[in-house]
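# below are the sequence and a predicted model for it; my questions follow.
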Amino acid sequence: MTFQTILKHLQLSAAIASTAILLGACGEPLADEEEVSGMSNTVTALNIYPPAATMSCSRYSQSGTYSCSGNVSNGVAPYTYQWQEVDDFGGGSTSTYWYNGTTTRSGACQWGLYTYGTYYTKYVRFRVIDANTYVSNVVERRINCWTPTE
């Protein structure tokens with residue numbers, strides 16, 4: 001036998017041995033191997049809940065303003081905080097536009113018991129969008145306001 005023939009047989013033997021070792025490593029444990037109980041080779045997905053929004057508002061009647069503060073739990077940071085304000089003079093309280101902002105929002109809303117002027121309801125809404133683009137619930141506060149007739 002020549003040196004090249006012996007080398008080819010050794011390479012072929014090495015390839016067959018490597019394949020047998022790899023195939024033997026897959027699947028169930030061999031008869032003389034112990035299986036570790038309580039250990040799992042499966043990977044489970046993390047439970048990532050969508051963001052949940054809450055909001056509280058206060059009215060400052062002497063200055064004619066209100067202030068709202070929103071909070072978020074769950075979801076994945078960073079968050080986008082969104083606000084919606086609708087002044088309802090009797091035409092409805094809906095809007096499709098949301099303003100990006102911070103966790104607080106304030107604005108004007110005069111109040112008083114007058115025999116003139118117009119009373120209306122201001123709807124303030126808050127929601128959050130997380131890094132996964134999950135949208136939270138919408139929280140809403142109704143604030144009674146008044147404006148003088150011009």
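Arrived safely, thanks for sending.
# I'd assumed residue 79 was in contact with residue 52.
No: between residue 52 and residue 79 there is no contact under CB atoms under 8 Å: 11.4 Å. From N, CA and C alone the C-beta is placed, and that goes for glycine too.
# of these two, who's got more company?
The neighbour comparison of residue 52 against residue 79 (other CB atoms under 10 Å) goes to residue 79, with 17 against 14.
# who's in contact with the closest residue in space to that one that isn't next to it in sequence?
Once flanking residues are discounted, residue 79 sits nearest to residue 128: 5.1 Å by CB to CB, 6 or more residues apart in numbering. Residues counted as contacts of residue 128 (CB atoms under 8 Å, 6 or more residues apart in numbering) are 51, 53, 70, 72, 75, 79, 80, 81, 82, 135, 136.
# just the buried ones among these, please.
51, 53, 70, 72, 75, 79, 81, 82, 135, 136 (16 or more other CB atoms under 10 Å).
# assumed the third one was part of a strand.
Yes: assessed with DSSP: H, G, I helix; E, B strand; the rest coil, residue 70 lies in a strand.
# separation between it and residue 94?
20 Å (CB to CB, to the nearest Å).
# for residue 74, same thing?
27 Å.
# more crowded one of these two?
residue 74 (14 against 9).
# joint contacts of residue 52 and residue 79?
residue 72.
# show me the shaky parts of this structure.
The model of the chain has pLDDT under 70 over residues 1-45, 150.
# the helices in it, which residues?
Remark: helices assigned in the chain by DSSP state H are 3-25.
# need the longest strand for it.
Longest strand in the chain by number of residues (criterion: DSSP state E): strand 118-129.
# what residues sit buried inside that strand?
Those would be 120, 122, 123, 124, 125, 126, 127, 128, 129, for strand 118-129 by 16+ other CB under 10 Å.
# now, which of those residues sits nearest residue 101?
Closest approach to residue 101 among those (CB to CB): residue 126, at 9.2 Å.
# residue 52 is in contact with the closest one, correct?
No: applying CB under 8 Å as the test, residue 126 and residue 52 come out as separate, 11.6 Å apart.
# one step back: bridged to the residue nearest to residue 79, which residues?
When bridges are called by DSSP bridges, residue 128 pairs up with residue 81.
# can you give me the distance of it to residue 95?
Applying CB to CB to residue 128 and residue 95 gives a distance of 18 Å.
# residues near residue 66, how many?
21.
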